[in-house]
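[1] What follows is a protein structure lacking sequence information:
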């Protein structure tokens, strides 16, 4: 174990930031939403349709037409909530298991970069996709 | 009965390594761990060092790890333990010697949440009255004796000594939910940071460890909810 960084204060210094509060709340809300979205995804992809009939054309068709924007939003919500929920969970784990210092900074950088890149690439694809 | 002990002895010199030492004493099955430890100290090895005061589960001095779980030595009967009984100091604090740990940081965190009634309003003629329902709101957390069993059972605290820890949150809870107190906002601010309630991962070790049966994790959860409701 390490010594507390400030034994004299020996306490959490109020930062005025409620980031951790909202991160905690986000995990609960996104968890519930993800459950519903994933069940919907499961129903559409595996129960109503079959993975044997799902191909490029299926997705291309679903993402165009009157309901195109609905399904794009649905898929984007699923993507972004899962990514942010997962990366926030990983952030928590890194916080718990790696002490402050170089390695934590390194892995946090990797995590934040990966989250940003996946979110950006995913969002671009979902909203700019046009069928061939 | 014969009671076999395996006690983690830590020399005061930090350069020397802690070692497990075996002791066997004759005791009644209904004797407590503390009785046996005092028997060892009194008749076998006087250098064994531990804290104890009231010896009746009220003062909270003799918290230690007994067979891997934080307990008060004066509240655990030998007949309820598997042998050899492994005794270790509470985990996460610096060990001063054997079973005596440095609790300065623990009490600094305790003081930090202002664990006393704060109310600047002029006192009423007789007393600040409170309904039974309002009193019941924080009944559970009034039972804390500051033994440190919860905080040193908490994996979040083991990995992060800056974490406020369950005990100080319990103390804050006791006043945050007291209808006579006026400093709830300040205490909530103190506990709103990363090292406050949000470091809690709801592991429930604290609830299991509390010798007073306080539902510590529930109390922390109530403080979290209070944080949420005042911001949203």
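    Structure received. Owing to the predicted nature of the structure, the values given are computational and were not obtained by experimental measurement. Numbering: from 1, shown residues only, chains lettered A, B, ... in the order given.
[2] rest of the way, CA atoms for contacts and neighbours
    Will do.
[3] What's the per-residue pLDDT of residue 64 here?
    Because you didn't say which chain, this covers chain A. The model reports residue A:64 with a pLDDT of 90.
[4] I was thinking of chain B, sorry if that wasn't clear
    As predicted, residue B:64 sits at a pLDDT of 97.
[5] What strand or helix carries residue B:168?
    Secondary structure assigned from DSSP states H and E places residue B:168 in helix B:166-176.
[6] what's that helix packed up against?
    helix B:104-112, helix B:184-190, helix B:216-231 (3 or more C-alpha pairs under 8 Å, 6 or more residues apart in numbering or on different chains; DSSP states H and E).
[7] what ranges do the strands span in chain B?
    Listed in chain order, the strands of chain B (DSSP state E) span B:2-9, B:19-26, B:63-66, B:69-72, B:85-88, B:95-97, B:100-101.
[8] Make a markdown table from those and add distance to chain A and mean neighbour count to it.
    Converted to a markdown table, those look like this (distance: least, C-alpha to the nearest C-alpha, whole Å; neighbours: other C-alpha atoms under 10 Å in any protein chain shown):
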| stretch | distance to chain A | mean neighbour count |
| --- | --- | --- |
| strand B:2-9 | 17 | 19 |
| strand B:19-26 | 18 | 14 |
| strand B:63-66 | 17 | 26 |
| strand B:69-72 | 18 | 26 |
| strand B:85-88 | 16 | 22 |
| strand B:95-97 | 11 | 19 |
| strand B:100-101 | 13 | 21 |
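[9] would TSV of the helices and strands packed on helix B:166-176 with mean neighbour count be doable?
    Output for the helices and strands packed on helix B:166-176, formatted as TSV (neighbours: other C-alpha atoms under 10 Å in any protein chain shown):
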stretch	mean neighbour count
helix B:104-112	20
helix B:184-190	19
helix B:216-231	17
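[10] hmm, back to that, Serialize the strands of chain B to a markdown table and add fields for distance to residue A:115.
    Formatted as a markdown table, these follow (distance: least, C-alpha to C-alpha, whole Å):
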| stretch | distance to residue A:115 |
| --- | --- |
| strand B:2-9 | 46 |
| strand B:19-26 | 46 |
| strand B:63-66 | 41 |
| strand B:69-72 | 39 |
| strand B:85-88 | 43 |
| strand B:95-97 | 42 |
| strand B:100-101 | 43 |
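[11] which one of the ones you listed lies closest to residue B:122?
    strand B:63-66 (40.4 Å; C-alpha to C-alpha).
[12] who are the neighbours in contact with the closest residue to residue B:65 other than its chain neighbours?
    Residue nearest to residue B:65 in three dimensions, not counting chain neighbours: residue B:88, with 4.9 Å by C-alpha to C-alpha, 6 or more residues apart in numbering or on different chains. With C-alpha atoms under 8 Å, 6 or more residues apart in numbering or on different chains as the criterion, the residues that contact residue B:88 are B:7-9, B:64-66, B:68, B:98-99.
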